[in-house]
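In: Pasting the sequence and the predicted model now:
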Amino acid sequence: MLTLALIGLIGGLVTGISPCILPVLPVIFFSGGTQSARSESGSTGAVAVATKPASRTRPYLVIAGLVVSFSLVTLFGSLLLTVLNLPQDVLRWGGIVVLVLIGIGLIVPRFEQLLEKPFSWIPQRNPDASRGGFTLGLALGAVYVPCAGPVLAAITVAGSTGRIGTETVILTLTFAVGAAIPLLIFALAGRRVAERVRSFRKRQRGIRITAGVVMIALAFGLVFNLPQLLQRVIPDYTSSLQDKVNNSEQVKRALNLGGLVNDQNKDLDKCSDGAPELESCGTAPDLTGIQQWINSQPQELKALKGKVVMIDFWAYSCINCQRSIPHIVAWDKAYRDAGLQVIGVHSPEYAFEKEPANVEAAARNFGITYPVALDNNLGTWTNYRNRYWPAHYLIDAQGTVRHIKFGEGDYKVTEKLIRQLLNDAKPGVQLPAATELADDTPDNADITRETYLGSTKRVNFAGTEEYTSGEKSFQLPENQVTDSFALSGAWKLDTQSITPTGDSGQIKLYYRAKEVRMVLSGKGTVTVQNGDQTKTIQVDGTPNSYQLLATDQIQGGSLTATVGPGVQAFSFTFG
């Protein structure tokens, strides 16, 4: 429990100093300074300045309100809105409205008194608006969207699926506190400036009006998603620190890489990865948080008792999934009539994989006719504590998980266990001959690992430049190691993809593989130079995987991909 709390706190602290908090900093600064400073008796010209006791607690109330609001909205907001049949963004819009009202109140004092009087905890004849900081914090917590990461993902998915336990609450609170600590420091700095800087004290009216304008500006910026644009422009100066935290073994173990342990999935650890014989690993967890279904009406595991069920987690641009899907399709065709029910759970790795039309097109191309669940919020992925694309879970006719296989390969073992479960469910059932698809799973020790190009998921970059979001110029290094890529030219780096900003940009890749593919989208051309061979690829449409080269056996080499304008490059995959 202590480890989980420390992970939440550290994850929150890193988020609290990242670019995603920049849009709220002006509001936090003025919240600590405009109404918490001591005013002095005296005069400014002919205008008297009244004495007013300072509210020493206002910065703390603002941050406390933010922590409470963010925690409650993240954990319970989605569930509450679903129960009430309200839009999922109604709380965000409510927070924006409150920000506008508070901003107007700062500009018009009488309106401010009417607005915050119900929230004055201590009865008084003249309500002190500085005591309403908790209200401002509540509004900020509803609109504050911190940077994503495995800690926040575990919290969000737990909240959206209703799998909220003690661990989730602790993780949420410590994350919120960690993210709020830098904001509190900024609020206290604002109060300090208000108390110590003479011009700040003399111009309280002007400062209050400025604070009101800033809050209204933040509200309108949120309406038009301007903070997200700001985050894309400003380089992510915390990316290396986030990588160290997010990829640490302690974080992976504590978060189980896919989500927190709950009553439904606690026994899955009893299954070992790719065991050659059937095991017993508890009742299969529910399929939760599914956006929509392809090829069927919604499926429930309880209604499938009596059938052998295979759950296949996949993502359509994943090269490993693309190699395993033909085996899944073959098993579905061979054993469907004998009692096998295959369910594909499409859990996206990229944002573009959340688009239903893209998944439908991919399912048609792969020949998938079995039910496919769109798990866009990773609700089922988390409920199964899944780790990999692909991943297969075999469930017997009584609803018990009997086999788990992460990744590709071992297809003969999996098929043998499918046949065994079908025989156990219906003794004497007539089964067709085993399928005869070749196992093309490469030895991962002999090939280059999947290489992501986006700034937050970057893998195998060999250049010397800082690889963070934004527009940058690159040069190829003099000596580039194998299993790496480098860039040349002007590029725009986004979190998941890169795009040339000039006439074209080059990617130099050193690889070990039998097949090299590239995930691309947009409209334009990619020219691949491999020795004396040149290949031009026409890219048009939604993200898809394109083959750059294929050989008869695994070999080392290099290639240069010249990416034209209008094309987004996401990753290299290898087979």
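Out: That came through, no problem.
In: can you list the weak-confidence ranges in the stretch 401-550 of the chain?
Out: 440-445, 456-459, 542 (pLDDT under 70).
In: residue ranges of the helices in it, please?
Out: 411-425 (DSSP state H, counting those that start in this stretch).
In: Okay, strands next: where are they in it?
Out: Using DSSP state E, counting those that start in this stretch, the strands of the stretch 401-550 of the chain run over residues 401-406, 451-452, 470-474, 484-493, 498-500, 505-530, 533-563.
In: buried residues in the longest helix seen in the chain?
Out: Using DSSP state H to define each element, the chain has its longest helix at helix 166-196. Neighbour-count burial for helix 166-196, counted by 16 or more other Cβ atoms under 10 Å, picks out 167-168, 170-180, 182-188, 190-191, 193-194. (Glycine included, C-beta is placed from N, CA and C.)
In: Give the other helices and strands that it contacts.
Out: Counting contacts by 3 or more Cβ pairs under 8 Å, 6 or more residues apart in numbering; DSSP states H and E, helix 166-196 is packed against helix 2-16, helix 25-33, helix 58-72, helix 150-161, helix 198-202.
In: okay, the angle between it and helix 2-16?
Out: With axes from the mean of the first three to the mean of the last three Cα atoms, to 10 degrees applied, the angle from helix 166-196 to helix 2-16 works out at 40 degrees.
In: Compute the mean per-residue pLDDT across helix 166-196, please.
Out: Average pLDDT, helix 166-196: 79.
In: how far does that helix sit from the chain's center?
Out: The chain centroid and the centroid of helix 166-196 are separated by 23 Å under Cα atoms, centre = their mean, to the nearest Å.
In: now the angle between helix 25-33 and it, please.
Out: Using the same axes, to 10 degrees: helix 166-196 against helix 25-33 is 70 degrees.
In: rewinding a little: out of the helices and strands packed on helix 166-196, name the one with the poorest average pLDDT.
Out: Note on those: helix 150-161 shows the lowest mean pLDDT, a mean of 55.
In: Now that we're looking at Trp93, what pLDDT does it have?
Out: 75.
In: Likewise for the one 5 residues further on?
Out: In this model, Val98 is scored at 78, pLDDT.
In: Just the element for it, please.
Out: Val98 belongs to helix 90-107 when elements are defined using DSSP states H and E.
In: Helices of the stretch 251-400 of the chain, start to end?
Out: 319-335, 356-366, 379-383.
In: Neighbours of the closest residue to Leu301 other than its chain neighbours, how many?
Out: Once flanking residues are discounted, Leu301 sits nearest to Ala284: 5.4 Å by Cβ to Cβ, 6 or more residues apart in numbering. Neighbour count for Ala284, taken as other Cβ atoms under 10 Å: 25.
In: With Phe570 instead?
Out: Other residues close to Phe570 by other Cβ under 10 Å number 24.
In: Could I get the buried residue list for stretch 2-18?
Out: Quick answer for stretch 2-18 (16+ other Cβ under 10 Å): 4-5, 7-16, 18.
In: wait, which of those residues is closest to Asp269?
Out: Closest approach to Asp269 among the buried residues of stretch 2-18 (Cβ to Cβ): Leu4, at 17.3 Å.
In: Pretty sure Lys307 sits against Gly339.
Out: Yes - contact status for Lys307 versus Gly339: in contact at 5.2 Å, counting by Cβ atoms under 8 Å.
In: more neighbours, the two?
Out: Comparing Lys307 with Gly339 by other Cβ under 10 Å, the one with more neighbours is Lys307, at 21 against 18.
In: Output the helices of the stretch 251-400 of the chain as CSV; include the columns distance to Asn460, mean pLDDT and mean neighbour count.
Out: Converted to CSV, the helices of the stretch 251-400 of the chain look like this (distance: least, Cβ to Cβ, whole Å; pLDDT from 0 to 100; neighbours: other Cβ atoms under 10 Å):
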stretch, distance to Asn460, mean pLDDT, mean neighbour count
helix 319-335, 15, 88, 21
helix 356-366, 26, 89, 17
helix 379-383, 25, 81, 26
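In: for the ones you listed, which one sits closest to Pro565?
Out: Nearest to Pro565, of these and by Cβ to Cβ, is helix 356-366 at 22.8 Å.
In: for that closest one, packing partners?
Out: Against helix 356-366 (3+ Cβ pairs under 8 Å, 6+ apart) you get strand 293-294, helix 319-335, strand 372-374, strand 533-563.
In: now the third one: how far from the chain's centre is it?
Out: Going back to what we said before, that points to strand 372-374. Centroid separation for strand 372-374 versus its chain: 19 Å, with Cα atoms, centre = their mean.
In: Rounded mean pLDDT for that strand, please.
Out: For strand 372-374, mean pLDDT rounds to 94.
In: Output stretch 171-191 as CSV, restricted to C-alpha atoms.
Out: Extracted in CSV, the C-alpha atoms of stretch 171-191 (Å, rounded to 0.1, in the frame of the first residue of the first chain):
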residue,chain,number,x,y,z
LEU,A,171,-3.6,6.0,-5.8
THR,A,172,-6.0,8.8,-6.9
LEU,A,173,-5.6,10.9,-3.7
THR,A,174,-1.8,10.7,-3.7
PHE,A,175,-1.7,11.5,-7.4
ALA,A,176,-3.9,14.5,-6.9
VAL,A,177,-1.9,15.7,-3.9
GLY,A,178,1.4,15.2,-5.9
ALA,A,179,0.1,17.2,-8.8
ALA,A,180,-1.3,19.9,-6.5
ILE,A,181,1.9,20.5,-4.6
PRO,A,182,3.6,22.6,-7.3
LEU,A,183,0.3,24.4,-7.8
LEU,A,184,0.2,25.3,-4.1
ILE,A,185,3.7,26.6,-4.3
PHE,A,186,2.7,28.9,-7.1
ALA,A,187,-0.4,30.1,-5.3
LEU,A,188,1.7,30.9,-2.2
ALA,A,189,4.1,32.7,-4.4
GLY,A,190,1.2,34.8,-5.7
ARG,A,191,0.1,35.6,-2.1
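In: ok, back up a step: for the helix holding Val98, buried residues please.
Out: 91-92, 95-96, 98-103, 105-107.
In: can you list these in CSV and add distance to Leu61?
Out: Converted to CSV, the buried residues of helix 90-107 look like this (distance: Cβ to Cβ, whole Å):
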residue, distance to Leu61
Leu91, 20
Arg92, 22
Gly95, 16
Ile96, 20
Val98, 15
Leu99, 16
Val100, 20
Leu101, 17
Ile102, 13
Gly103, 18
Gly105, 16
Leu106, 16
Ile107, 21
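In: Now flag whichever of those is closest to Leu476.
Out: Taking Cβ to Cβ as the measure, Leu476 lies nearest Arg92 of those, at 44.5 Å.
In: Could you check how far Glu300 is from Gln568?
Out: Distance, Glu300 to Gln568, using Cβ to Cβ, to the nearest Å: 38 Å.
In: out of these two, which sits in the busier spot?
Out: Gln568 (23 against 8).
In: contacting residues for the more buried one?
Out: Asp494, Ser497, Ile498, Thr499, Leu520, Ser521, Gly522, Pro543 (Cβ atoms under 8 Å, 6 or more residues apart in numbering).
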